[in-house]
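Student: Give me a 3D structure for the following:
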Amino acid sequence: MSPLNLEKIANALPLAWKSTLLGEVGPAHIKVLRMDDMSYAQEVHDYNEGLLVVSGCMMLEVGGERVEVNAGELYIAQAQIAHAVLPGSHGCLVIIDV
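Tutor: The predicted structure is shown next:
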């Protein structure tokens with residue numbers, strides 16, 4: 001398999017905030033998407049979710065607190081904890097779901 005250019009894949013997606021599956025590693029699904037300054041509604045999962053910012057910045061609200069995740073940083077959204085994306089988030093995001 002050839003290396004994947006994450007930003008190129010994310011930028012080619014027709015819609016922001018609509019991920020595409022890159023592959024699986026064990027039980028984990030690895031997805032990529034493009035963030036576009038818009039917010040994304042609060043959600044809760046029954047699994048931990050890894051949010052790896054490849055480029056740009058992701059602004060989250062978790063438990064009433066603002067969390068900034070910058071390029072090169074990984075945030076783990078804990079299972080059963082609500083999190084929402086705030087306006088101003090932009091760039092390329094990799095999501096790791098188990």
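
Student: and the strand ranked longest in the chain, which strands flank it?
Tutor: The residue-count maximum for a strand in the chain (DSSP state E) belongs to strand 49-62. Note on strand 49-62: by DSSP bridges, its sheet partners are strand 65-70 (antiparallel), strand 74-77 (antiparallel), strand 83-85 (antiparallel), strand 90-97 (antiparallel).

Student: Adding distance to residue 59, write these out as JSON lines.
Tutor: C-beta here means a position set from N, CA and C on the backbone, and glycine is covered the same way. Output for the strands paired with strand 49-62, formatted as JSON lines (distance: least, CB to CB, whole Å):
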{"stretch": "strand 65-70", "distance to residue 59": "6"}
{"stretch": "strand 74-77", "distance to residue 59": "11"}
{"stretch": "strand 83-85", "distance to residue 59": "7"}
{"stretch": "strand 90-97", "distance to residue 59": "9"}
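
Student: tell me the contacts of residue 31?
Tutor: Taking CB atoms under 8 Å, 6 or more residues apart in numbering, we find residue 31 in contact with 19, 20, 21, 22, 94, 95, 96, 97.

Student: Return the per-residue confidence for the residue nearest to the last one when sequence neighbours are not counted.
Tutor: Leaving aside its chain neighbours, residue 97 sits nearest to residue 29 (4.7 Å; criterion: CB to CB, 6 or more residues apart in numbering). At residue 29 the predicted local distance difference test score is 97.

Student: Likewise for residue 98?
Tutor: Per the predicted model, pLDDT is 84 at residue 98.
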